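1. kindly generate the corresponding structure for this input.
(2 chains)
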Amino acid sequence: EAAVTQSPRNKVTVTGGNVTLSCRQTNSHNYMYWYRQDTGHGLRLIHYSYGAGNLQIGDVPDGYKATRTTQEDFFLLLELASPSQTSLYFCASSETVSGNTLYFGEGSRLIVV
Amino acid sequence: GQQVQQSPASLVLQEGENAELQCNFSTSLNSMQWFYQRPGGSLVSLFYNPSGTKHSGRLTSTTVIKERRSSLHISSSQTTDSGTYLCALEGGSNYQLIWGSGTKLIIKP
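-> This next block holds a predicted model:
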């Protein structure tokens, strides 16, 4: 069973603050994803990557940076956090982009006050 | 408009009843996936179903491409089935998932 671990699980920050959300997957999947989940919007893709050093833009990338440092590690960076970025963030991984199950982390709840 | 619509938005049933969840889509389909999200928690894949019918225990997924719909049937529901069920369409040239807003299922004892 693939394992995806996110940290921190909960974070409160102030407007304008810096936040880094971390994700590690232990199954050597090629693809990793960052999603946000908000009531009424379902899951929305922020950024994704198909390997170390690669970054692809998702559907709602504004205000977010991401970096894939290794096959296992994918980080989401909020450099000037805003209240609109208060959300539940999920990291996921998959072996390929099509035809494969996504494995999700437990989620990181971020509140920007 | 929304490319993937789930219905109903919420459903309350008594334990033992059957649940029928629907997902309708308006764009081209490569495949449909169904996920379960436990209350306040992570998502777990239930089915990857490009077409036809698939079974897993008490769960059945049916995708009918020409009718642009996919359904998830839960038979003999249990309280532990409570949570949110999401469908996700794998469509388009980049294969990225297009998500429905989910059906919140509550099973009462």
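
2. nearest spatial neighbour of residue 106, skipping sequence neighbours?
-> You didn't say which chain, so I picked chain A. Nearest in space to A:Glu106, with sequence neighbours left out and distances taken as Cβ to Cβ, 6 or more residues apart in numbering or on different chains, is B:Ser42 at 4.8 Å. The C-beta positions use only the backbone N, C-alpha and C, and glycine is treated the same way.

3. you looked at the wrong chain, it should be chain B
-> Nearest residue to B:Ile106, sequence neighbours excluded (Cβ to Cβ, 6+ apart): B:Val12, at 4.7 Å.

4. partner strands of the one helix or strand the one you found maps to, parallel or antiparallel?
-> In this assignment (DSSP states H and E), B:Val12 forms part of strand B:10-14. According to DSSP bridges, strand B:10-14 has the following sheet partners: strand B:103-108 (parallel).

5. okay, buried residues for the partner strand please.
-> Judged by neighbour count (16 or more other Cβ atoms under 10 Å in any protein chain shown), strand B:103-108 contains these buried residues: B:103-105, B:107.

6. of the residues you listed, which is the nearest to A:Ser108?
-> B:Lys104 (21.7 Å; Cβ to Cβ).

7. residues in contact with the closest one?
-> Counting by Cβ atoms under 8 Å, 6 or more residues apart in numbering or on different chains, B:Lys104 makes contact with B:9-11, B:83-84.

8. of all those, which two lie farthest apart?
-> Across these (Cβ to Cβ), the longest gap, 14.1 Å, separates B:Ala9 and B:Gly83.

9. and the two? Which one has more around it.
-> Higher neighbour count among B:Ala9 and B:Gly83: B:Gly83, with 20 against 11, using other Cβ atoms under 10 Å in any protein chain shown.

10. picking up where we left off before, neighbouring contacts of the strand holding B:Val12?
-> B:19, B:21, B:77, B:103-108.

11. could you identify the helix or strand that succeeds that strand?
-> Next element after strand B:10-14 (DSSP H and E): strand B:19-25.

12. can you list the strands that that next one pairs with?
-> Here strand B:19-25 has these sheet partners by DSSP bridges: strand B:4-7 (antiparallel), strand B:69-74 (antiparallel).

13. quick one: contacts of that strand?
-> Residues contacting strand B:19-25 (Cβ under 8 Å, 6+ apart): B:3-8, B:11, B:13, B:32, B:34, B:68-74, B:77, B:81, B:85, B:87, B:89, B:91, B:98, B:100, B:103, B:105, B:107.

14. same thing but at 6 Å, please
-> B:4-7, B:13, B:68-74, B:77, B:85, B:87, B:89, B:100, B:103 (Cβ atoms under 6 Å, 6 or more residues apart in numbering or on different chains).

15. quick one on the thing from earlier: okay if I get the strands paired with strand B:19-25 as CSV plus mean neighbour count, mean pLDDT and distance to A:Ser22?
-> What follows is the strands paired with strand B:19-25, written out as CSV (neighbours: other Cβ atoms under 10 Å in any protein chain shown; pLDDT from 0 to 100; distance: least, Cβ to Cβ, whole Å):
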stretch, mean neighbour count, mean pLDDT, distance to A:Ser22
strand B:4-7, 19, 93, 30
strand B:69-74, 21, 96, 33
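
16. thank you kindly, that will do.
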